[in-house]
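In: structure for this input, please:
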Amino acid sequence: MSHQTTTGGQTASEKTEFNEFEAFDEETGVTKQEVNRHINETTLSDTQKKREAKVLRKVDWRLIPILGLLYSVAGLDRVNLSNARVAGMNKDLRFDIGNRYSIALLVFFITYFLFELPTTLLLRPLKPRYLLNGLAVCWGSVMLGMGFINDWRYIVVCRMLIGVFEAGYLPCCMFLLATWYQRFEVQSRISWWYLINLFVSAFGNILAFAIVKLDGVHGIAGWRWIFIVEGAATLGIALIGFFLVIDFPDRMLATNKLQGFTQDELQIILDRIDRDRGDSQPDKLTWEKFTRHVVNWELWVYGFMFLTCSAPIYAFAYFIQIILGTIVDSTAVVFLLCAPPYLFSIIWTVLCAWLADRSHLRMPWMVGNAVITLTGLLITAYSTNPGARYFGVFLGVSGCNANLPTIIALQSNNVRSDSRRSVANGVQLLFAAIGGIYASTTFMQKEYPTYRTGVWCAVATQFLLIILCAGMFLHFRKENKAADEYGEVIQEDEGFRYTF
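Out: This is a model prediction of the structure:
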């Protein structure tokens, strides 16, 4: 049978089927979400499964690489200040005096904290393409300008501005990803997205070492070139991102701005979301909904969980060069030794995500990674053997980084509706900033090179995570039991159940 293609790439037969289904909804009074909600994944035909898998692969390639690349250039900021410090900024701008370096680290997280939730709530109104790439242009411009600063106080101001612009990027990415995938697909996708950042983090130190070789070119010091080159790269990637970042699937279908998808492909995505959690169509975020969601204590527990992984992540990002500097004398070797722990963490993060999605469990993996992290921290702090201390860095970096997508996935799995998810992502990732403040203030220069207070504060966060997992497990089990036995409704959906 021949098909005539309609506007947007949908065939005439597909258009007819779509209209018939909509008519069915109107005649019966049953919404499409309700129909899809009662379809069991195991009853899908092999043809339908293959069709959906093909669409998912297309989404993976269109969504994850560009979001991961944009976030990775934001991640360069985690290491470029410490790299510039090692490469000469410490002496040129006198960051070796008092707590100037800690102040420069700290102010970033203050503005990051203040602007994270408001920026996340702007994602739908302003659209991902404009908001995400606009933010990247802003922080890239500031980063480039840092290469021309001659006063340490202006570096502090620039760090505050970068905090403003980077604040909403992580929760916005998580919000957008969650609207495209089912609950037990999302952690694998977050791990793929995050591994791009880990890869850049691994080689960010080596890249910085290579850039420093430009020392003296055009009369510019090597540490300045780190900011100039990486800032320019951010601007270039943001320009590419403007053409590649895609919108929410429901809005793409409703507006017929398909960005390379067909209407049928987008409908498949929305149907899959409805089968999984019944919230493919966004509910408008009102002030009443915001106030109701933001006081939900569960969302704040997810936030404290995120703090427990962000604190050691930032601790290693900012102080790994200093730690390794106590093991080897050569600056070049320090830069090279920074890469292997992050490369290994990529393998463990992706494997952990695959196992968590496959087992439909998050909390056991979170607890396991907490044990790995605290073990690595203690080995790094207390061992006198250089090889053992380096092994501790491997464990610490791998455990805390693997927990980032796991903790985000736990929140994503247990939050239903578009309005609740936008608030939940903003609240949870506020604690990324708190984790950064925590790491910046507990790793004190006066305790160099052991940083015992910082290490034990990071270890305490891992014990906190274990306690929070135990508490939420008991809470979820109680709520699910009430829903199964007494018909209690969880988050406005009779079929929704919490996952562990």
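In: got a list of what the most centrally placed residue in the chain touches?
Out: When CA atoms, centre = their mean is applied to the chain, the residue found nearest the centroid is Leu170 (4.7 Å). Leu170 sits next to Tyr71, Leu429, Ala432 when contact means CB atoms under 8 Å, 6 or more residues apart in numbering. C-betas here are computed from N, CA, C, even on glycine.
In: next structured bit after the helix or strand hosting Cys400?
Out: Using DSSP states H and E, Cys400 maps to helix 386-413. Using DSSP H and E, the helix or strand that directly follows helix 386-413 along the chain is helix 418-442.
In: by contact count, what packs against that next one?
Out: Applying 3 or more CB pairs under 8 Å, 6 or more residues apart in numbering; DSSP states H and E, one finds that helix 418-442 contacts helix 100-121, helix 123-126, helix 169-178, helix 287-294, helix 297-325, helix 386-413, helix 452-486.
In: residues of the longest one that come out buried?
Out: Buried positions in helix 452-486, judged by neighbour count with 16 or more other CB atoms under 10 Å: 454-455, 457-459, 461-462, 464-466, 468-469, 472, 476, 479-480, 483.
In: what do you get for the second one?
Out: Of the residues in helix 123-126, Leu123, Arg124 count as buried by neighbour count, 16+ other CB under 10 Å.
In: contacts for that helix, please.
Out: So helix 123-126 is contacted by Leu131, Gly168, Cys172, Phe175, Leu176, Phe248, Pro282, Leu285, Asp418, Ser422 (CB under 8 Å, 6+ apart).
In: now do that helix: distance to the chain's middle.
Out: 18 Å (CA atoms, centre = their mean, to the nearest Å).
In: burial measure for Val137, as a count.
Out: 18 (other CB atoms under 10 Å).
In: and it, what does it touch?
Out: Counted by CB under 8 Å, 6+ apart, Val137 has contacts Thr234, Leu235, Ala238, Leu239.
In: again, only using 10 Å
Out: Residues in contact with Val137 (CB atoms under 10 Å, 6 or more residues apart in numbering) are Phe165, Thr234, Leu235, Ile237, Ala238, Leu239, Gly241, Phe242.
In: how close does the nearest residue to the last one once chain neighbours are set aside get to Gly325?
Out: This points to Phe242. Spatially, and ignoring its direct neighbours in sequence, Phe242 is nearest to Asn133 (4.7 Å; CB to CB, 6 or more residues apart in numbering). Going from Asn133 to Gly325 by CB to CB, to the nearest Å gives 37 Å.
In: could you do Thr331 as well?
Out: 8 Å.
In: okay, the two: which has more neighbours?
Out: Using other CB under 10 Å, the more surrounded residue of Thr331 and Gly325 is Gly325, with 18 against 14.
In: most neighbours, which of the contacts of Val137?
Out: Neighbour count (other CB under 10 Å) singles out Thr234 as the most crowded of the contacts of Val137, with 25 neighbours.
In: which secondary structure elements does the helix or strand hosting that residue contact?
Out: Per DSSP H and E, Thr234 falls inside helix 222-244. Judged by 3 or more CB pairs under 10 Å, 6 or more residues apart in numbering; DSSP states H and E, the packing partners of helix 222-244 are helix 46-84, helix 90-92, helix 128-145, helix 186-212.
In: please save the CA atoms from it in CSV.
Out: What follows is helix 222-244 as a C-alpha-only set of coordinates in CSV (Å, rounded to 0.1, in the frame of the first residue of the first chain):
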residue,chain,number,x,y,z
GLY,A,222,50.0,29.7,31.0
TRP,A,223,47.4,29.6,33.8
ARG,A,224,45.5,32.4,32.0
TRP,A,225,45.3,30.3,28.8
ILE,A,226,43.4,27.6,30.8
PHE,A,227,40.5,30.0,31.3
ILE,A,228,40.7,31.5,27.8
VAL,A,229,40.8,28.2,25.9
GLU,A,230,38.2,26.5,28.0
GLY,A,231,35.9,29.5,27.9
ALA,A,232,36.1,29.7,24.1
ALA,A,233,35.4,26.0,23.8
THR,A,234,32.3,26.5,25.9
LEU,A,235,31.0,29.2,23.6
GLY,A,236,31.6,27.0,20.6
ILE,A,237,29.8,24.0,22.1
ALA,A,238,26.8,26.3,23.1
LEU,A,239,26.5,27.5,19.5
ILE,A,240,26.4,23.9,18.3
GLY,A,241,23.9,23.0,21.1
PHE,A,242,21.5,25.7,19.8
PHE,A,243,20.9,23.5,16.8
LEU,A,244,20.9,20.1,18.5
